[in-house]
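**Student:** attaching a predicted model along with its sequence, questions to come.
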Amino acid sequence: MKKESYKKNVLGFLSTGRLGEIVMKSLLENNYNVSIVTRNKSQGQLQSLKNLGAKIYEINFDNIYQLNDLITENHSVYVGNIYQIEINKKIINFIKGSEKKINKIVFVGGANTKLISEGYGTLEKFEDEIIFELPKATIVKPTMIFGLKDDNNVEKIIKLLKKFPIFPIIGNGKTLYQPIHYLDVRNAIIRIFETNNLEGEKIIIGGNESLEYQELIKIIKQKINSKTIVIKLPQYLVYVLAKIIIKIFRIKLPIERIKKTHINRNVDNSRAIRLLKYYPKSFKIRLEESLKEYYDI
């Protein structure tokens, strides 16, 4: 696949979170002209992007058509959160009104299957709607993302391993995970912007390798020199106890997550490799990088 010979203007929606920020930063550093749409009145966290040359536009999504003048020929669009469906529908209608000028549209979703996600059916239907309404769209679907501060995945595990003497694993610990670093997700997204012939594609991306959950915990323990004892608890017993606690004490517990802890979260990267030349770094390497640079542990 040939890279496009010109640099595009990029309009970013729902792109002020952790992933969106590093995607926008990378585009700016590669001489893209970046405009970011935000509902955040303070815009404080966007200062670093402004310093790199990003233009920030604060809007109410009910008046999204005020952005029409921002769209020029060969513009691209980045939508960093597919889960906000109602806002996405407004963005889709806006893009359709300017479609003749838009070169590429990238949406970011997730790789959870119907066995894991209760909302899978709704999201899968919405993804199909996006592709139907916007034939130029590409949807990238990462697995469990980690690697930046407060990622709520690996960093959360690290904090538990440092704070408590016992770390419980629900089930046999053999459930497969394929954590992917934020920077590898970013690299895949940038590659989409720079690659032709990806219209209408849904591209699942995961980390470099599939790891059993117990192996994942073992690697993290070794890297942080944790002395925490790991114990395994029968999944069915934990599930029953959780239901009893919820009923008696009215405490909210992640009952559905407990119920599905045995379901594998690994994916096949072969299409991403073929379409994007996607080769993420190993979990161990990315973990070491994050411990040095991103995690405040």
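**Tutor:** Arrived safely, thanks for sending. Numbering: from 1, shown residues only.

**Student:** what backbone torsions are found at residue 148?
**Tutor:** Backbone torsions for residue 148, taken as degrees, to the nearest 10, come to phi -110, psi 160.

**Student:** pLDDT score for it?
**Tutor:** Looking at residue 148, its pLDDT reads 89.

**Student:** hmm, residue 28 is touching residue 51, no?
**Tutor:** No - under the contact definition of CB atoms under 8 Å, residue 28 does not touch residue 51, with a separation of 9.5 Å. (C-beta placed from N, C-alpha, C; glycine too.)

**Student:** looking at these two, which is more packed in?
**Tutor:** The residue with the greater number of neighbours, taking residue 28 and residue 51 and applying other CB atoms under 10 Å, is residue 28; the counts read 19 against 9.

**Student:** which residues touch that one?
**Tutor:** With contacts taken as CB atoms under 8 Å, 6 or more residues apart in numbering, residue 28 has the following neighbours: 34, 49, 52, 53, 54.

**Student:** neighbouring strands - and their directions - for the helix or strand that the first one is a member of?
**Tutor:** Assigning secondary structure by DSSP states H and E places residue 34 in strand 33-38. Paired neighbours of strand 33-38 in the sheet (DSSP bridges): strand 9-13 (parallel), strand 55-58 (parallel).

**Student:** low-scoring stretches of the stretch 51-200 of the chain, by residue?
**Tutor:** Scanning the stretch 51-200 of the chain with the threshold set as pLDDT under 70 gives 114-117, 119.

**Student:** same list, the contacts of residue 28, but as CSV with secondary structure, distance to residue 252 and neighbour count please.
**Tutor:** Supplementary listing: these in CSV, determined by DSSP: H, G, I helix; E, B strand; the rest coil; distance: CB to CB, whole Å; neighbours: other CB atoms under 10 Å:
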residue, secondary structure, distance to residue 252, neighbour count
34, strand, 40, 24
49, helix, 36, 23
52, coil, 41, 13
53, coil, 44, 12
54, coil, 39, 22
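
**Student:** out of those residues, which comes closest to residue 215?
**Tutor:** residue 49 (37.3 Å; CB to CB).

**Student:** now residue 138: which helix or strand?
**Tutor:** When elements are assigned from DSSP H and E, residue 138 belongs to strand 137-142.

**Student:** what helices or strands is the helix or strand just after that strand leaning on?
**Tutor:** Next helix or strand after strand 137-142 toward the C-terminus (DSSP H and E): strand 145-146. Using 3 or more CB pairs under 8 Å, 6 or more residues apart in numbering; DSSP states H and E as the contact criterion, the neighbours of strand 145-146 among helices and strands are strand 180-181, helix 182-193.

**Student:** mean neighbour count, those: which tops it?
**Tutor:** Between the helices and strands packed on strand 145-146, the one whose residues have the most neighbours on average, counting mean count of other CB atoms under 10 Å, is strand 180-181 (a mean of 26).
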